[in-house]
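Visitor: Just to be clear, the model below is a prediction. Sequence and coordinates:
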Amino acid sequence: MKRTGYSIRRISRYAALTAFLCVLVAPGEAQSKPNPNLTDQHGKIDLSGGLVPAVSEALPVLRLSAQKPPEDFVRTALSAKGIGADRVQPLSAIAALSAKEGAIPPGFMGAFDGGHLAAYWNTDSGDTEIFPTFDDQKAVKFTSGNPQISRAASLAKEVFDRPEILGRDATQFDLGEPVPVLGQTAQRSAGQQTVADGDRMLYLTYVPVRRSVNGHPVYGPGSRAALALGNDGSVQGFVRHWKNAVPAGQVTETRSQAQVQAEIQLQLQPLTQSADVTVLSVEAAYYDSNGDLLQPVYRITARIHHGANTNATAAPGKQADDDFVVSYLPIGGTSLPPVSRPILPSLDFPAKPGNAPPGDPTVGRYVVRNDDSNWVADANEFWSGITAWFGWGLFTNSQYYWAYPFEFNTSELSYVNSVQVGLNEVHGNWWYFTTYQNWGDGVDITAIPASQGYGPARGGNLDYWILHSCEVVPSAIDAPCPTDSRAWWTPWFNVFQGLHSVVGYRTIMYIDDDVGYPFGLNLRFGASVVSAWFNAVNGAPDYFSHPTATAHCGTALIMGKPSTISVCGHENDNVFNTSALPAASCLHNIWQN
């Protein structure tokens with residue numbers, strides 16, 4: 001299957017990929033107006049020549065081709081869930097997934113269960129996914145020594161050692177550490193008292209897979225695999241987007257280390273418009289664009305230090321933490337796949353009423369202003385995912401705007417609460433995000449009163465809110481912390497005025513982390529919103545090595561940890577379920593530890 005939703009983010013003539021880390025901004029630290037002086041500042045690049053590795057040997061270029069889907073494996077897993085062979089059918093035969101413009105190709109096979117997609121595979125590409133559910137898991141009390149977690153690692157090894165799961169080829173792979181998925185509920189009484197309901201519970205455990213080529217790790221939107229196992233050892237979730245690789249030539253680095261260093265500086269130069277750039281590391285790796293090739297690249301990480309905010313109204317001594325950048329430079333002077341012309345958010349205000357066909361979920365996307373283009377790239381990739389295979393006939397692109405606070409806190413009924421699916425691409429912190437860079441025009445979710453909450457109970461439409469942002473959805477294991485006494489449910493009972501689910505991160509994330517397209521595609525196919533989010537994040541190669549960044553409470557936490565909030569009993573709703581709900585009295589937090 002050819003994917004059209006991914007884009008290579010270009011900041012140099014070598015089509016380098018750049019992914020930014022969000023930075024921390026505490027409530028009250030952001031200002032309402034952008035500071036024009038920031039755009040006039042220029043920084044420098046600090047790059048030690050000793051960081052650039054010597055690549056003296058020729059490196060193979062690998063050609064990719066589809067492998068057969070593990071159909072028997074999926075059918076066995078479905079059968080264990082009580083989903084018989086008679087439930088498996090072409091997705092094109094499911095009326096809810098077909099638009100008048102056309103149907104999903106017949107190569108997509110899958111099964112629905114309980115109103116949402118349980119699993120699918122593509123006979124042409126071999127892409128395969130199984131989606132966990134959370135209403136039928138045999139949850140156990142979570143402790144640091146749960147034997148189910150360690151057992152998941154050994155069971156995952158047995159699965160991935162089977163050649164029909166990951167074909168043996170010119171690459172290698174290894175398993176990551178098992179990652180538990182936990183949950184806790186909270187009840188709110190008529191007297192507005194909120195109580196956590198019981199212990200933190202272990203639902204299932206993900207085990208991700210990382211691909212490599214002769215010791216060089218593979219990054220990019222392709223080569224994604226993970227397994228989710230229930231506490232009884234059963235297969236509950238599965239991700240395999242993995243092509244066979246064979247040698248197709250080689251490249252030799254003819255540039256000196258000094259020349260490569262100069263190319264890296266050229267690539268990073270645009271970032272110095274308002275910041276100093278310190279390169280932290282350079283490694284030899286491979287890039288998988290989910291196309292036809294695995295290509296050798298230099299992987300560069302850097303710290304971006306912005307100048308002080310000189311706005312006269314800024315709080316003294318307050319400034320956001322540094323950004324961290326990951327970028328790629330092809331080895332041997334070749335080029336990565338070209339990017340398509342980006343579709344930019346609109347400046348068309350005020351909002352105009354939409355004309356969505358009956359039954360089409362309306363979608364709104366809101367992107368931080370005057371910031372890195374990767375925010376726009378992820379918003380576009382998400383839309384490409386949900387509109388793949390004639391999906392544009394199932395959704396209405398109701399709004400695509402640059403983000404402003406009024407879209408969320410004063411004119412929300414014309415903006416985020418006027419659509420059924422809202423996507424934020426913004427910088428964040430606990431229940432807080434900025435709409436101008438990482439310091440300006442902030443929105444404090446904790447300040448939203450119930451009278452201005454989102455959903456049908458307040459005259460709105462929002463059913464699913466996607467917060468692609470750092471830390472905006474802290475979990476029950478994060479909040480409260482020693483320096484912040486607020487509990488995880490702090491703003492959500494006010495916000496959930498008919499909302500079904502909110503999905504986001506509890507830790508720092510990369511801006512364009514190659515999650516937007518697979519998440520959107522899973523929604524288009526009818527997977528539950530929460531399960532689609534966990535599968536997409538756990539399949540992202542950028543988070544396999546467990547990079548860490550200092551989070552809200554001053555603790556270094558592993559990046560890219562998903563966290564979701566759902567109305568109890570609606571954790572498995574898919575994006576086409578837009579039934580009107582009342583204000584929530586019970587919320588369920590599900591997160592990855």
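Guide: All right, it came through fine. Just so it is clear, the model here is predicted, and its values are computed rather than measured. Numbering: from 1, shown residues only.

Visitor: Would you double-check that residue 77 falls in a helix?
Guide: Yes. Under DSSP: H, G, I helix; E, B strand; the rest coil, residue 77 sits within a helix.

Visitor: Contact partners for it?
Guide: 119, 130, 234, 235, 238 (C-beta atoms under 8 Å, 6 or more residues apart in numbering). In short, each C-beta sits where N, CA and C put it, glycine included.

Visitor: Could you list the low-confidence segments of this structure?
Guide: Counting by pLDDT under 70, the chain contains low-confidence ranges at 1-41, 274, 305-324, 334, 336-342, 348-355.

Visitor: longest single strand anywhere in it?
Guide: For the chain, the longest strand by residue count, based on DSSP state E, is strand 194-213.

Visitor: what is residue 174 paired to in the beta sheet?
Guide: Taking DSSP bridges as the rule, residue 174 bridges to residue 210.

Visitor: and residue 92, how many neighbours does it have?
Guide: 18 (other C-beta atoms under 10 Å).

Visitor: Please apply the same query to the one 3 residues further on.
Guide: Residue 95 has 7 neighbouring residues, counting by other C-beta under 10 Å.

Visitor: The residue nearest to the spatial centre of the chain and residue 521, how far apart?
Guide: Centroid-nearest residue in the chain, with C-alpha atoms, centre = their mean: residue 515, separated by 3.6 Å. Separation of residue 515 from residue 521 (C-beta to C-beta, to the nearest Å) stands at 11 Å.

Visitor: now residue 51
Guide: For residue 51, the distance to residue 521 (C-beta to C-beta) stands at 37 Å.

Visitor: Residue 444 reaches residue 432, doesn't it?
Guide: Yes. Proximity of residue 444 to residue 432 meets the contact threshold set by C-beta atoms under 8 Å, at 5.4 Å.

Visitor: and the two? which has more neighbours close in?
Guide: The neighbour comparison of residue 444 against residue 432 (other C-beta under 10 Å) goes to residue 432, with 26 against 18.

Visitor: So what pairs up with that one in the strands?
Guide: residue 429, residue 444.

Visitor: In PDB, could you pull the C-alpha coordinates for stretch 169-188?
Guide: C-alpha atoms of stretch 169-188 as PDB (Å, rounded to 0.1, in the frame of the first residue of the first chain):
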ATOM      1  CA  ASP A 169      16.100 -10.500   5.600                       C
ATOM      2  CA  ALA A 170      19.100  -8.200   5.400                       C
ATOM      3  CA  THR A 171      18.000  -6.300   8.600                       C
ATOM      4  CA  GLN A 172      17.900  -7.200  12.300                       C
ATOM      5  CA  PHE A 173      15.600  -6.300  15.100                       C
ATOM      6  CA  ASP A 174      15.400  -6.400  18.900                       C
ATOM      7  CA  LEU A 175      12.700  -6.000  21.400                       C
ATOM      8  CA  GLY A 176      12.200  -3.000  23.600                       C
ATOM      9  CA  GLU A 177      11.400  -3.100  27.300                       C
ATOM     10  CA  PRO A 178       7.800  -4.000  28.100                       C
ATOM     11  CA  VAL A 179       5.600  -0.900  28.700                       C
ATOM     12  CA  PRO A 180       2.600  -1.300  31.000                       C
ATOM     13  CA  VAL A 181      -0.700   0.400  30.200                       C
ATOM     14  CA  LEU A 182      -2.500   1.500  33.400                       C
ATOM     15  CA  GLY A 183      -5.900   3.000  34.300                       C
ATOM     16  CA  GLN A 184      -7.800   4.700  37.100                       C
ATOM     17  CA  THR A 185     -11.300   6.100  37.300                       C
ATOM     18  CA  ALA A 186     -12.700   9.100  39.200                       C
ATOM     19  CA  GLN A 187     -16.300   9.800  40.200                       C
ATOM     20  CA  ARG A 188     -17.800  13.200  40.800                       C
END
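
Visitor: Please state the offset of it from the chain centre?
Guide: 14 Å (C-alpha atoms, centre = their mean, to the nearest Å).

Visitor: again, but for stretch 476-494
Guide: 22 Å.

Visitor: Mind listing what's buried along it?
Guide: Under the neighbour-count criterion of 16 or more other C-beta atoms under 10 Å, stretch 476-494 has 476-479, 481, 484, 488-494 buried.

Visitor: Quick check: end-to-end length of that stretch?
Guide: End-to-end span of stretch 476-494 (C-alpha to C-alpha, to the nearest Å): 18 Å.

Visitor: contacts for it?
Guide: With C-beta under 8 Å, 6+ apart as the criterion, stretch 476-494 contacts 182, 184, 186, 188, 192, 194, 196, 200, 430-431, 445-446, 448-450, 453, 474-475, 502, 506, 551-555, 565, 583-585, 587, 589, 591, 593.

Visitor: what do you get for stretch 248-267?
Guide: Under C-beta under 8 Å, 6+ apart, the answer for stretch 248-267 is 11-12, 14, 16, 45, 47, 49, 52-56, 58-63, 279, 282, 293, 295-296, 298, 300, 327, 329, 331-334.

Visitor: Just these: which are in strands?
Guide: Members of the contacts of stretch 248-267 lying in strands (criterion: DSSP E): 45, 59-63, 279, 282, 293, 295-296, 298, 300, 327, 329.

Visitor: Report the two of those separated the most.
Guide: The largest separation in these, counting by C-beta to C-beta, is between 45 and 63 at 35.4 Å.

Visitor: thinking again about what came up before, now, among the ones in strands among the contacts of stretch 248-267, which is nearest to residue 540?
Guide: For the ones in strands among the contacts of stretch 248-267, the nearest to residue 540 is residue 327 (16.8 Å; C-beta to C-beta).

Visitor: Report the separation between that closest one and residue 527.
Guide: Residue 327 is 32 Å from residue 527, by C-beta to C-beta.

Visitor: okay, those two: which has more neighbours?
Guide: The neighbour count for residue 327 versus residue 527, taken as other C-beta under 10 Å, is higher for residue 527 (29 against 24).

Visitor: Now do the same contact list for the more buried one.
Guide: 116, 117, 129, 131, 535, 574.

Visitor: just checking, the third one touches residue 118?
Guide: Same thing as residue 129. No. Look at residue 129 against residue 118 with C-beta under 8 Å: they stay out of range, at 9.8 Å.

Visitor: Those two: which has the busier surroundings?
Guide: residue 129 (29 against 25).

Visitor: in which helix or strand would I find the more buried one?
Guide: strand 128-130 (DSSP states H and E).

Visitor: Give me the residues contacting that strand.
Guide: For strand 128-130, contacts defined as C-beta under 8 Å, 6+ apart pick out 69-70, 74, 77-78, 118-122, 228, 235-241, 522, 527, 535.
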